[in-house]
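>>> Please work out how this folds:
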Amino acid sequence: MPHQSSNDPGRTIVMVVDDQPQNVKLVSELLTVAMGYQVLKATSGQEALSLLKKTLPDLILLDVLMPEQDGVETCKIIKEKPEFADIPIIFLSAADDKNLIVQALESGGVDYVTKPFSRAELLTRVRTHLALKHARDSLKALAEDKDELLGILTHDLKNHLGGMQMSAQLLQDRMSSRLNDEKFTQLVDNILQNTTQMLAFVKEFLANSMAERVIQFNVEPVNLAQAAHHAVRQYQLTAERKDIELICQLNHDSSAIEADPSALKQILDNLISNAIKFSPSNRKIYITVAPVKGDCVECCIRDEGPGFTDEDKLHMFRRYARLTARPTAGEPSTGLGLSIVKKLVEAMNGHLRLDSTLGQGSAFTVRLPKARKTPSRQPAPSRP
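Prediction:
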């Protein structure tokens with residue numbers, strides 16, 4: 001069951017755990033009346049652990065001396081679980097034994113208040129540790145935002161620069177041959193497109209980080225089949241160098257979605273480049289786009305690569321994830337691509353699904369909502 005928070009997102013939640021109901025009532029009324037906090041009540045360590053599975057409090061007030069499972073044992077269990085480890089725990093106890101205080105603090109408590117306590121003392125301790133937790137949470141969020149922003153920038157810059165380098169190398173190889181063939185023109189287009197995309201990407205994300213530290217989207221009607229066609233065209237030469245065939249089935253007539261064009265391009269670029277990167281030579285990659293029930297359109301990229309283990313599937317969408325599958329031609333892999341894809345898809349109210357069996361390839365399916373308006377009609381591109 002997912003964790004629930006307060007009905008009021010800005011309201012502080014404090015859990016009070018004491019085997020004496022009158023003590024729970026006294027402390028709860030003090031926190032509710034004096035501070036306006038929402039209070040979760042538990043009369044045993046087991047009940048507290050059950051409540052934690054449903055609701056994450058901002059702070060826990062925990063009695064030390066309780067029957068069956070005392071406060072020190074309860075605190076140790078809470079701190080062993082990563083999802084609960086950051087919750088500050090203040091011990092409350094009538095026992096003024098220094099050894100017991102040391103045990104309580106060593107088990108993970110941040111403070112120890114001896115009963116009977118004054119109302120002012122308890123409220124001051126609670127406010128202080130809540131303020132410290134909020135400060136830690138803010139710093140953690142800032143650090144994660146910075147790491148994610150730098151990671152996204154680094155990953156996409158590397159992708160675009162790699163495309164430019166490959167195109168430039170091929171251009172150099174063809175300089176001595178005819179300059180009027182179609183592939184020569186395509187290489188020039190790729191360099192211009194990658195350069196433009198890279199600069200636009202950097203400017204957008206730097207501007208967003210200065211403003212709100214979140215990614216802003218300009219959602220508009222986009223033809224998913226057309227976007228997939230352009231992405232396939234960009235990676236056609238890369239696939240050819242590995243003797244990989246890109247097979248497309250793109251429904252251009254019913255594929256208008258609500259999406260940010262730049263974000264959609266990043267999604268398709270990452271999934272198609274990954275399929276090529278992790279596929280052995282002389283294999284096929286299938287790219288399909290079609291509408292599905294529920295006012296959505298799906299794009300599926302299916303490869304004949306090594307597939308993923310069950311362990312891979314557990315953490316493959318985390319940043320810097322290292323998977324068992326490795327690029328088949330020594331291509332670089334940062335472990336960022338799939339985490340970026342998942343973030344962008346979900347930010348556009350979409351869904352990303354993986355179907356994979358070890359040794360039998362993988363299929364990544366991106367499902368995005370249909371457009372409310374049809375995008376402006378453009379000439380249908382020739383199919384790759």
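
>>> contacts, neighbours, all on C-alpha from now
Fine.

>>> Kindly export stretch 295-302 (C-alpha atoms) in PDB.
What follows is stretch 295-302, C-alpha atoms only, in PDB (Å, rounded to 0.1, in the frame of the first residue of the first chain):
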ATOM      1  CA  ASP A 295      -7.400   8.000 -25.800                       C
ATOM      2  CA  CYS A 296      -3.700   7.200 -26.000                       C
ATOM      3  CA  VAL A 297      -1.100   6.500 -28.700                       C
ATOM      4  CA  GLU A 298       1.700   4.000 -28.200                       C
ATOM      5  CA  CYS A 299       5.200   3.900 -29.600                       C
ATOM      6  CA  CYS A 300       7.000   0.500 -29.100                       C
ATOM      7  CA  ILE A 301      10.700   0.000 -29.800                       C
ATOM      8  CA  ARG A 302      11.500  -3.800 -29.800                       C
END
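
>>> if we look at that stretch, which residues are touching it?
Residues outside stretch 295-302 that contact it (C-alpha atoms under 8 Å, 6 or more residues apart in numbering): 224, 255-257, 271-272, 275, 285-292, 361-370.

>>> can you rerun that using 6 Å?
Contacts with stretch 295-302, where a contact means C-alpha atoms under 6 Å, 6 or more residues apart in numbering, come from 285-291, 362-370.

>>> same deal with stretch 223-231?
With C-alpha under 6 Å, 6+ apart as the criterion, stretch 223-231 contacts 250, 252, 255-256, 289.

>>> go on, stretch 57-69?
With C-alpha under 6 Å, 6+ apart as the test, stretch 57-69 has contacts from 13-19, 45, 70-71, 87-93.

>>> Of the contacts of stretch 295-302, which is the most crowded?
Ranked by neighbour count (other C-alpha atoms under 10 Å), those have residue 368 at the top, with 27 neighbours.

>>> Could you pick out the longest helix of this protein?
Criterion DSSP state H: the longest helix present in the chain is helix 119-174.

>>> Rounded mean pLDDT for that helix, please.
Taken as a whole, helix 119-174 carries a mean pLDDT of 78.

>>> So which elements touch that helix?
helix 182-211 (3 or more C-alpha pairs under 6 Å, 6 or more residues apart in numbering; DSSP states H and E).

>>> 8 Å - rerun?
Under the contact definition 3 or more C-alpha pairs under 8 Å, 6 or more residues apart in numbering; DSSP states H and E, helix 119-174 sits against strand 59-63, helix 182-211.

>>> Lowest average confidence across the ones you listed, which one?
helix 182-211 (a mean of 62).

>>> could you flag which of the contacts of stretch 57-69 are buried?
13-19, 45, 70-71, 87-93 (16 or more other C-alpha atoms under 10 Å).

>>> Just the ones of those residues in strands?
Those of those mapping onto strands are 13-17, 89-93, per DSSP state E.

>>> And the residue nearest the centre of this structure?
residue 343 (4.9 Å; C-alpha atoms, centre = their mean).

>>> what's the angle from the helix or strand where that residue lies to helix 119-174?
Using DSSP states H and E, residue 343 maps to helix 337-347. Interaxial angle, helix 337-347 versus helix 119-174 (axes from the mean of the first three to the mean of the last three C-alpha atoms, to 10 degrees): 120 degrees.

>>> as a whole number, average confidence for helix 337-347?
Rounded mean pLDDT across helix 337-347 is 83.

>>> Out of the contacts of stretch 223-231, name the ones that lie in strands.
250, 256, 289.

>>> for these, which one is nearest residue 79?
Among the ones in strands among the contacts of stretch 223-231, residue 289 lies closest to residue 79 (C-alpha to C-alpha), at 46.7 Å.

>>> From residue 236, how far off is the closest one?
18 Å (C-alpha to C-alpha, to the nearest Å).

>>> care to break the protein down by domain?
The record's domain parsing of the chain by automatic domain parsing lists 13-117, 141-369.

>>> in the stretch 1-150 of the chain, which ranges drop under the pLDDT threshold?
Along the stretch 1-150 of the chain, segments meeting pLDDT under 70 span 1-10, 149.

>>> Quick check: the gap between residue 287 and residue 301.
Taken as C-alpha to C-alpha, the span from residue 287 to residue 301 is 5 Å.

>>> Give the burial count for the nearest residue to residue 122 once chain neighbours are set aside, as a bare number.
Spatial nearest neighbour of residue 122, chain neighbours left out: residue 113 (7.3 Å); criterion: C-alpha to C-alpha, 6 or more residues apart in numbering. When counting by other C-alpha under 10 Å, one arrives at 21 neighbours for residue 113.

>>> what do you get for residue 184?
The local packing of residue 184 (other C-alpha under 10 Å) involves 18 other residues.

>>> Residue 310 too?
Going by other C-alpha under 10 Å, the residues that sit close to residue 310 add up to 11.

>>> Would you mind giving both backbone torsions of it?
phi -60, psi -40 (degrees, to the nearest 10).

>>> ok so, going back, show me what the helix holding residue 343 packs onto, helices and strands only.
helix 261-277, strand 351-356.

>>> Could you pull up the residues touching residue 253?
Listed by C-alpha under 8 Å, 6+ apart, residue 253 has no contact partners.

>>> where does the stretch 251-384 of the chain have low pLDDT?
319-336, 373-384.

>>> Swap in 80 and give it another go.
For the stretch 251-384 of the chain, the stretches with pLDDT under 80 are 294, 312, 314-337, 339-340, 372-384.
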